[in-house]
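Peer 1: model the following, please.
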Amino acid sequence: MPITHTSEKEIQARLGEFHILTYAEEGFAPLNIHGEPHGLSKEILVSFANKVNLKRESGSLHPKAPISAVPRVFIRDLTDSAALSAQIVDFLRANRQTIHAKRVLFDFRTPGVDPYVVSAIEDAMQSPEAEGIDEVLIMSPIR
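Peer 2: Just a heads-up that it's a prediction; the model follows:
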């Protein structure tokens, strides 16, 4: 399955078609950028981020919003592609069992997207858990 890199500007009109996987960090971060347009309050986003980070496993705001997150540590503190890939596979498993999104947008901007993150996404998308996903985008900085 091809993975396409895109900027927020390029995909803005189609954002509603995607389930977003980001990292659990509240503030000026992708979680807020995607959560606020869905009417999610700061309190909900803080609580969600804290829960994901405390459990140290991926979580989802589905069905409230088409947003899921991996723990912040896998993006901000570690550079372990295999560990991040395992977190993404956990999300893909939840997607396959419960969420059923056909299109997934990975938004791991910090503001850039590190090569180990791209490798983790590519590896995870080779998993059988990725079955049923028709389109994958990686949100990149503005080009």
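Peer 1: find the centremost residue of this structure, please.
Peer 2: With distances taken as Cα atoms, centre = their mean, the residue of the chain nearest its centroid is L21 (1.4 Å).
Peer 1: my read: that one touches V70, true?
Peer 2: Yes: taking contacts as Cβ atoms under 8 Å, L21 lies within contact range of V70: 7.0 Å. Backbone N, C-alpha and C define where each C-beta goes, glycine included.
Peer 1: ok, how many other residues are close to E17?
Peer 2: Using other Cβ atoms under 10 Å, E17 has 14 other residues around it.
Peer 1: that older thread, give me the common contacts of L21 and V70.
Peer 2: Residues touching both L21 and V70 by Cβ atoms under 8 Å, 6 or more residues apart in numbering: 58, 88, 91.
Peer 1: tell me the pLDDT at the last one?
Peer 2: Translated: F91. For F91, the pLDDT comes out at 98.
Peer 1: then P111?
Peer 2: 89.
Peer 1: repeat that for A65.
Peer 2: For A65, the predicted pLDDT is 97.
Peer 1: quick one: S85 and Q126 touch, right?
Peer 2: No: counting by Cβ under 8 Å, S85 does not reach Q126; the two are 9.2 Å apart.
Peer 1: neighbour count winner among these two?
Peer 2: Neighbour comparison, S85 and Q126: the larger count goes to S85, with 22 against 11 (by other Cβ under 10 Å).
Peer 1: phi, psi of the more buried one?
Peer 2: Per-residue torsions, S85: phi -60, psi -40 (degrees, to the nearest 10).
Peer 1: do you know how far it is from D114?
Peer 2: 13 Å (Cβ to Cβ, to the nearest Å).
Peer 1: list the buried residues in the helix or strand bottoming out on mean pLDDT in the chain.
Peer 2: The weakest-scoring helix or strand in the chain, judged by mean pLDDT, DSSP states H and E, is helix 8-11 (a mean of 91). Within helix 8-11, the residues scored as buried using 16 or more other Cβ atoms under 10 Å are 8, 11.
Peer 1: and what of stretch 24-36?
Peer 2: Using 16+ other Cβ under 10 Å as the test for burial, stretch 24-36 gives 24-26, 29-32, 34-35.
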